[in-house]
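> sequence first, predicted model second:
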Amino acid sequence: METMAAARLNLLNWQRLCLAFCLACVALAAHAFEPPAFQGDVLDEAGLLSAEERATLTRRIAELRSQDGIWAAVLITGNLQGDGIETAAVKTFEHWRLGRADKDNGLLVLVAPKERKMRIEVGYGLEGVLTDVLSKRIVDGVYGPAFRDKRYADGLLAGFDVMSRSMQGDPATLAELSVGAGEQAAAIDGALFLAWLGAVWLGNLCVPLLYWLFRRRRGGAAGESAQKLRGALILFAFFGLFFGLFLGVFSQAFPADPEIVWALLGANALFALVFTLPLSFGGQAGGKATADTGWSAGSSSSSWDSGSSDSSSSGGGSSGGGGASGDY
C-alpha cells in the first residue's frame, strides 16, 4: 500500500510539473512578437514618419522593385514583445511573404525604436549581392548615425541608395562604408576581452577536473594516473585559449548578433564533451570509456506569384537568414 501511495504521489508530482511547463509555454507564447498584417510597403506603427516621408519611401521602394529587382518593405514596430530583433524580422518576412516566388528577392528593414534595434533581413535571391557584410555596414554606417539623430526617413533612403548601387555593381559601395566599420572594429574593450578570455579559459579547465572527480567518485577513476589528468588539462587549456580569443573579439564586433557567441560556445562544448573527454579518460580501446560514460557512437536517435503587383508582398519569397542587426 505504501508503494502504491508513493507511486500515485510521484505521478501527481509529474502531472503538476507538466502542467506548470505547459502554462509557462503558453505565457511565453502570449508575449511573443506577432507580425502585423501587410498594409503596404511602409508600415510605421511607432508613428515616427510623417505622411510625406512615408510617401517618399514608398516611391523609392517602387523604384527599387522596378529598377533593381529588390522587393523591399519597411516596418517600424512599436514593441518587439520580448522577442529578439532577428526572430521578429524572420516572422515578419515570412508572414508578409516578401518577394517573388521564382526569385526570392524580398528584403525587410525592421526598426524597433523602443528597444533601439534594427535589422535588415535579406531573401535567398539577394544574398549574393546584398551580403551580410554589406548589410552590417549599412546598419552601422548609415542607419545607426541617422537613427540616433531621429532622422529615420533619411537613414532609410540612404540605405536604399547603397543597396541600389550595390545591385548595379558599383565597386565603391563597400569601400565608402568600410571606414566606419573599421573604426567600430578597432574599438575593442580590452577589459571585456580579457574577461571573456579568462572566463572561457577557466571554464574549460573546470571540465576535466569535474569529470575526473565524478569518475573517481563512481569508482571508475581509481586507476587514472596524474599524467592523464595533466594531459587533459593541457588540451582543455588550449581549447579555452582558442575559443576565448574568438569570443573576446566577436562578442564585441557583433554585439547585436548573440547567435555568434552561442555558436562559439556550442562549438567549444561539442569539442570538449564529445571528442576530448572520451579520449582523455578513455581507458581500454574506447570500450571501457563507452561503458563508463554511458555514451555510444551508435546510440543517436534519432503560393501564389503576382509579378504585376504594386506591393512588395508577392506571396512567394522566403527569408534566407541573411542580413544584419544592430543597435543605435
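Received, thanks.

> can you tell me the helix or strand for residue 74?
Per DSSP states H and E: residue 74 is located in strand 71-76.

> kindly apply the preceding question to residue 43 instead.
strand 42-44.

> and that strand, what other elements does it pack with?
Packing contacts for strand 42-44, counted by 3 or more Cβ pairs under 8 Å, 6 or more residues apart in numbering; DSSP states H and E, involve helix 51-63, strand 71-76. Every C-beta, even on glycine, is put in place using the N, C-alpha and C of the backbone.

> ranking those by burial, who's on top?
strand 71-76 (a mean of 25; mean count of other Cβ atoms under 10 Å).

> beta-bridge partners for residue 42, please?
For residue 42, the beta-bridge partners are residue 74 (DSSP bridges).

> list the contacts for residue 246?
For residue 246, the contact set (Cβ atoms under 8 Å, 6 or more residues apart in numbering) comprises residue 264.

> give me the buried positions along the helix or strand containing it.
Element membership for residue 246, per DSSP H and E: helix 226-253. Neighbour-count burial for helix 226-253, counted by 16 or more other Cβ atoms under 10 Å, picks out 228-229, 232-233, 235-236, 239-240, 242-244, 246-248, 250-252.

> report the buried residues of the strand holding residue 43.
Quick answer for strand 42-44 (16+ other Cβ under 10 Å): 42, 43, 44.

> how about stretch 79-97?
Going by 16+ other Cβ under 10 Å, stretch 79-97 has these buried residues: 80, 83-86, 88-94, 96-97.

> just the CA trace of the helix or strand harbouring residue 160, in PDB.
Taking DSSP H and E as the criterion, residue 160 maps to helix 152-167. What follows is helix 152-167, C-alpha atoms only, in PDB (Å, rounded to 0.1, in the frame of the first residue of the first chain):
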ATOM      1  CA  TYR A 152      14.600  57.800 -39.800                       C
ATOM      2  CA  ALA A 153      13.400  58.600 -43.300                       C
ATOM      3  CA  ASP A 154      16.800  60.000 -44.300                       C
ATOM      4  CA  GLY A 155      18.600  56.900 -43.000                       C
ATOM      5  CA  LEU A 156      16.200  54.500 -44.700                       C
ATOM      6  CA  LEU A 157      16.500  56.400 -48.000                       C
ATOM      7  CA  ALA A 158      20.300  56.400 -47.800                       C
ATOM      8  CA  GLY A 159      20.400  52.700 -47.100                       C
ATOM      9  CA  PHE A 160      18.200  52.000 -50.100                       C
ATOM     10  CA  ASP A 161      20.600  54.100 -52.200                       C
ATOM     11  CA  VAL A 162      23.500  51.900 -51.100                       C
ATOM     12  CA  MET A 163      21.600  48.800 -51.900                       C
ATOM     13  CA  SER A 164      20.700  50.100 -55.400                       C
ATOM     14  CA  ARG A 165      24.300  51.000 -56.200                       C
ATOM     15  CA  SER A 166      25.400  47.600 -55.000                       C
ATOM     16  CA  MET A 167      22.900  45.800 -57.200                       C
END
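
> which stretches of the stretch 101-250 of the chain form strands?
Along the stretch 101-250 of the chain, the segments classed as strands by DSSP state E, counting those that start in this stretch run 106-112, 117-123.

> where do the helices sit along the stretch 1-150 of the chain?
2-30, 51-63, 85-96, 132-138, 144-148 (DSSP state H, counting those that start in this stretch).

> check the ones you listed for me: which has the lowest mean pLDDT.
Mean pLDDT is lowest for helix 2-30 out of the helices of the stretch 1-150 of the chain, coming in at a mean of 52.

> residue 144 is in contact with residue 326, correct?
Yes: counting by Cβ atoms under 8 Å, residue 144 is a contact partner of residue 326 at 6.1 Å.

> tell me which of the two has more neighbours.
residue 326 (24 against 19; other Cβ atoms under 10 Å).

> assign that one to helix, strand or coil.
strand (DSSP: H, G, I helix; E, B strand; the rest coil).

> OK, contacts around it?
117, 118, 119, 136, 139, 140, 143, 144, 256.

> check residue 217 too.
Per Cβ under 8 Å, 6+ apart, neighbours of residue 217: none.

> how far away is it from residue 206?
Separation of residue 217 from residue 206 (Cβ to Cβ, to the nearest Å): 16 Å.

> try residue 82
32 Å.

> rewinding a little: what does the strand holding residue 43 contact?
36, 49, 54, 57, 58, 61, 73, 74, 75, 76.

> my guess is the fifth one contacts residue 51. True?
No: counting by Cβ under 8 Å, residue 51 is not a contact partner of residue 58; they are 10.6 Å apart.

> not counting its neighbours along the chain, what's nearest residue 197?
Leaving aside its sequence neighbours, residue 197 sits nearest to residue 244 (Cβ to Cβ, 6 or more residues apart in numbering; 3.9 Å).
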